[in-house]
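In: Test case, fold it:
(2 chains)
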Amino acid sequence: MKVINEFKCTFPAVSANEALARSALSAFLIPADPTAQELADLRTVISEAVTNAIVHGYRNATGNVSICLRMLPDRMLYIKISDKGCGIPDIPQAMQPLYTSAPEEERAGLGFAIMQEFTDDLRVRSTPDHGTTLIMRRQLRQIHAEE
Amino acid sequence: MQIAYDLQESQLSVELTGEIDHHHASGIRAEVDTAIYAHMPRILILDFQNVTFMDSSGIGLIMGRYKILQPLGGEIILRNPPPHIARVLRLAGMERLARIQMHSPEEVAEL
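Out: Below is the predicted model:
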């Protein structure tokens, strides 16, 4: 598949970097002139994914989170977030709304529900003790050629 | 993140600002809870007018304050969320726990 643009970065799994991930996504998307809603949705999506990696993947232990953003043909945005954390033993359970493996953190358990709602496709690959990778796609609205 | 308290009768108003994510939520939670336990309000108003970003960490924050206030007979009002925050509030079903209301009288349209 032809890739129009690509951005990759890896950063330590610390909560201050949740804002960094949102900023990186915004910077990557700006040339595509997203709508305010697309930008807000996707900033929320990446924030949920990176927070999951930090809170649930690493459980506040040290490690890295990697992001790969791709703009594919026809304004299809590809987002991959991976960690090498504890993995998810039961993916369907983890994706259930209101389920959280960290109730003491006052997590709402809505991260996956938001990611599913705000993207067109969400795939989760996870191996216990090896880590988790999320791949999401979102079709940006088409821009018609100026007259 | 700045939080302003406006104590009128038994009403605690918290003006949230900036970004509400996992990184900022614990600091906000500590400040809001200090004010809740100091005043024991009947109504907690969380004003989102100047919040520029909120993910599900904000939902966790609201649910946690609901669990504190509800046994005391208190209620929560979520005021003036910008459109993208209103979307997250609706997706999370927050209208079941709190009143969502627009600030200006022209937009009293509750979500």
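In: quick one, strands of the chain?
Out: The chain I'm using is chain A. A:5-12, A:64-72, A:76-83, A:121-127, A:131-139 (DSSP state E).
In: that answer is for a different chain, and I need it for chain B
Out: B:5-8, B:11-20, B:43-54, B:75-79, B:99-101.
In: Any chance of those in TSV with mean pLDDT, distance to chain A and mean neighbour count as columns?
Out: C-beta here means a position set from N, CA and C on the backbone, and glycine is covered the same way. Rendered in TSV, the data for these read as follows (pLDDT from 0 to 100; distance: least, C-beta to the nearest C-beta, whole Å; neighbours: other C-beta atoms under 10 Å in any protein chain shown):
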stretch	mean pLDDT	distance to chain A	mean neighbour count
strand B:5-8	64	21	12
strand B:11-20	93	7	20
strand B:43-54	95	6	20
strand B:75-79	96	14	19
strand B:99-101	94	16	17
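In: Can you add distance to A:G109 and give those back as CSV?
Out: Putting the strands of chain B into CSV (distance: least, C-beta to C-beta, whole Å) gives the following:
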stretch, distance to A:G109
strand B:5-8, 30
strand B:11-20, 17
strand B:43-54, 16
strand B:75-79, 19
strand B:99-101, 20
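In: Select, out of these, the one closest to A:D121.
Out: Go through the strands of chain B one by one with C-beta to C-beta and the one that ends up closest to A:D121 is strand B:43-54, at 23.7 Å.
In: Identify each buried residue in stretch A:51-59, please.
Out: Within stretch A:51-59, the residues that qualify as buried by neighbour count (16 or more other C-beta atoms under 10 Å in any protein chain shown) are A:51-58.
In: my read: B:R29 touches A:E106, true?
Out: Yes. Here B:R29 lies in contact with A:E106, judged by C-beta atoms under 8 Å, at a distance of 6.9 Å.
In: shared neighbours, the two?
Out: Residues touching both B:R29 and A:E106 by C-beta atoms under 8 Å, 6 or more residues apart in numbering or on different chains: B:61, B:64.
In: These two: which is more packed in?
Out: A count of neighbours by other C-beta atoms under 10 Å in any protein chain shown puts A:E106 above the other of B:R29 and A:E106, at 19 against 16.
In: How about residues contacting the lowest-mean-pLDDT helix or strand in chain A?
Out: Ranked by mean pLDDT, DSSP states H and E, the helix or strand of chain A with the weakest confidence is helix A:91-95, at a mean of 90. If you take C-beta under 8 Å, 6+ apart as the criterion, helix A:91-95 is touched by A:56, A:88, A:99, A:101, A:112-113, A:116, A:124, A:126.
In: Those also near chain B: which ones?
Out: When C-beta under 8 Å from any C-beta of the partner chain is applied, the members of these adjacent to chain B are A:A113.
In: Identify those among the contacts of helix A:91-95 that sit within helices.
Out: The helices in this structure, assigned by DSSP state H, contain A:112-113, A:116 from these.
In: number of nearby residues for B:L69?
Out: Each residue near B:L69 was counted by other C-beta under 10 Å, and the total is 21.
In: so the helix ranked longest in chain B versus strand B:11-20, what angle?
Out: Among all segments of chain B classified by DSSP H, the helix with the greatest residue count is helix B:22-39. In terms of direction (axes from the mean of the first three to the mean of the last three C-alpha atoms, to 10 degrees), helix B:22-39 departs from strand B:11-20 by 170 degrees.
In: Can you give me the buried ones in helix B:22-39?
Out: Within helix B:22-39, the residues that count as buried by 16+ other C-beta under 10 Å are B:22-25, B:28-29, B:32, B:35-36.
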